[in-house]
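Undergrad: Can you look at this prediction? I've put the sequence above it.
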Amino acid sequence: MTTKLNPEKINHSNTLQSSVYFVSLGCPKNLVDSQVMLGLLKSNKFQITEEAETADTIIINTCSFIDSAKKESIDTIFEMSRFREEGALKNLVVSGCMVQRYAKELEVEMPEVDLFIGTGEYHRVVELLQKKALGKLKTKTFVDIPTFIHTAETPRINTGLNHSAFLKISEGCVRNCSFCIIPELRGHKVRSRSVDSLVSEAKKLVSDGVKELNLVAQDLTHYGIDNNYNETLADLLRALVQIKDLHWIRLHYAYPDNFTDEVIDIIAKEEKIVKYLDMPIQYGDDKVLKLMNRRITTQQIRERIESLRKKCPEMVFRTNIIVGHPGETEESYQNTKQFLADLELDHVGVFKYSLEEGTPSFRLAEKIGSVPEEQSQKRYNELMELQQSISWKKNKAMVGKTIYVLVEGLSRESDLLLQGRWAGQAQEIDGVILINDGDAKVGEMVKVEITEALPYDLLGRIVP
């Protein structure tokens, strides 16, 4: 995901040290880091610009989770480097996960980059730029074991639309899934923010117009594990629902094996917590789940989802499935296909396994071989077709219903339509509501009658 700034959200300073153009790549957690860097820069009198050719400093916050993300990051770096001759560029800065992972290689292969900043050093962006300007840097690469996590007092600019924001509640991961490099990039220890800090930041965001808070972390359910669960996800949710003028609280990346009954009860009870859960499952076969080092069985996943649906019949589920993991057989794939057909989850993202150096899955692939690309592609296509039929079926069941929709502006499809989301749709990753009858302002919550179902989107009209 490439994120650009909304220039209307930036208060420019009259006393400028440098003009900065910023590109944020990857996941929402990375986006929060980008917003913190922007806040630090602005508070230190750097000008933020939307014009890359006029900026003397360009910062690219990279992702390297899978091959396509690495390619996007590299392509973006080379694209931005041309402004050294075509624009005003003096400082090309690369930060984030790709730097944390490949710092030494990047320094050798990308001499055009002036500064490399890892995931544990991004809060030093102002200091490092200022020292570089004074000629006081002895190296241009800054990578360390990540320990930092921002607080409510750390400056942050919520880029994009006013009404929705991500709230990063912790950093780091202790799961060590065999296919995943994230603990190496973000830390093997969880670093949880306090409830007070999160509530304070949430209140600031809401005072600036935010109506929807999206809770993110590598794993929401491990929030507080570093403090022996003196503060838990349940404690945080109970505090956040008390915030006046906050309409929606959405949970992303809540793993099924550590999802407590207490949290389920809070979700069921509290109206502000949308009945939507982003629950990474990854696969539907026990043998492959074990190879992935997932600490749960398919039966336990079924039981967890049944429990959630029993207490929250309207619960909307999103998950991810990986096909082509080393050790996947035709039998395990068919088990997964049947698993998804049985569960009928609302939103499913399917990904082809990406070989990641330094992970147990990579070593397993070296030992037993990889699933052929054509086989992975075939399975990917089949699961996408299956999920499209499930999504369309669920969308058709929505026709005739009246639901609350958060209006986000003109449709990407046509200027004649408005676009918004209901509680069952998350920002960027799910479908949208297309409104073809009625008028509303961006950020307004309106009642919409659903008149037509599309495979992933819904069409409707505003009603009184």
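TA: It's in.
Undergrad: Just the CA trace of stretch 350-369, in CSV.
TA: Listed next in CSV are the C-alpha coordinates belonging to stretch 350-369 (Å, rounded to 0.1, in the frame of the first residue of the first chain):
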residue,chain,number,x,y,z
VAL,A,350,-5.2,-15.2,-0.6
PHE,A,351,-1.5,-14.9,-1.0
LYS,A,352,1.1,-17.1,-2.6
TYR,A,353,3.9,-18.1,-0.3
SER,A,354,7.0,-16.0,-0.7
LEU,A,355,10.4,-17.4,0.1
GLU,A,356,12.0,-15.3,2.9
GLU,A,357,15.6,-15.8,3.6
GLY,A,358,16.4,-16.5,7.3
THR,A,359,13.1,-18.1,8.1
PRO,A,360,12.5,-21.8,9.0
SER,A,361,10.1,-22.1,6.0
PHE,A,362,12.9,-21.0,3.7
ARG,A,363,15.2,-23.7,5.2
LEU,A,364,12.3,-26.3,4.8
ALA,A,365,12.0,-25.3,1.1
GLU,A,366,15.7,-25.9,0.6
LYS,A,367,15.3,-29.3,2.2
ILE,A,368,12.1,-30.7,0.6
GLY,A,369,11.6,-28.3,-2.3
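Undergrad: Could you list the buried residues of that stretch?
TA: The neighbour-count check on stretch 350-369 (16 or more other C-beta atoms under 10 Å) flags Val350, Phe351, Lys352, Tyr353, Ser354, Glu356, Thr359, Pro360, Ser361, Phe362, Leu364, Ala365 as buried. Placement of C-beta: from N, CA and C, glycine included.
Undergrad: go on, stretch 140-160?
TA: Buried-residue list, stretch 140-160, by 16+ other C-beta under 10 Å: 141-143, 146, 148-150, 152, 154-160.
Undergrad: ok, of the buried residues of stretch 350-369, which one's closest to Pro28?
TA: Taking C-beta to C-beta as the measure, Pro28 sits nearest to Phe351 out of those, at 16.8 Å.
Undergrad: Now do Leu198 against Leu213, distance only.
TA: Leu198 sits 9 Å away from Leu213 when distances are taken as C-beta to C-beta, to the nearest Å.
Undergrad: can you list residues touching both of the two?
TA: Leu167, Leu240 (C-beta atoms under 8 Å, 6 or more residues apart in numbering).
Undergrad: The buried residues of stretch 350-369 in strands, which ones?
TA: Using DSSP state E, the members of the buried residues of stretch 350-369 that fall within strands are Val350, Phe351, Lys352.
Undergrad: what would those residues look like in TSV with distance to Ala268 and pLDDT?
TA: Below are these laid out as TSV (distance: C-beta to C-beta, whole Å; pLDDT from 0 to 100):
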residue	distance to Ala268	pLDDT
Val350	29	96
Phe351	30	95
Lys352	36	95
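Undergrad: mind checking which helix or strand Met398 is in?
TA: Following DSSP states H and E, there is no helix or strand that holds Met398.
Undergrad: residues touching it, list them.
TA: So Met398 contacts Ile450, Ala453, Leu458 (C-beta under 8 Å, 6+ apart).
Undergrad: which one of those residues is nearest Asp346?
TA: Closest to Asp346, out of all of the contacts of Met398 and judged by C-beta to C-beta, is Leu458, at 12.2 Å.
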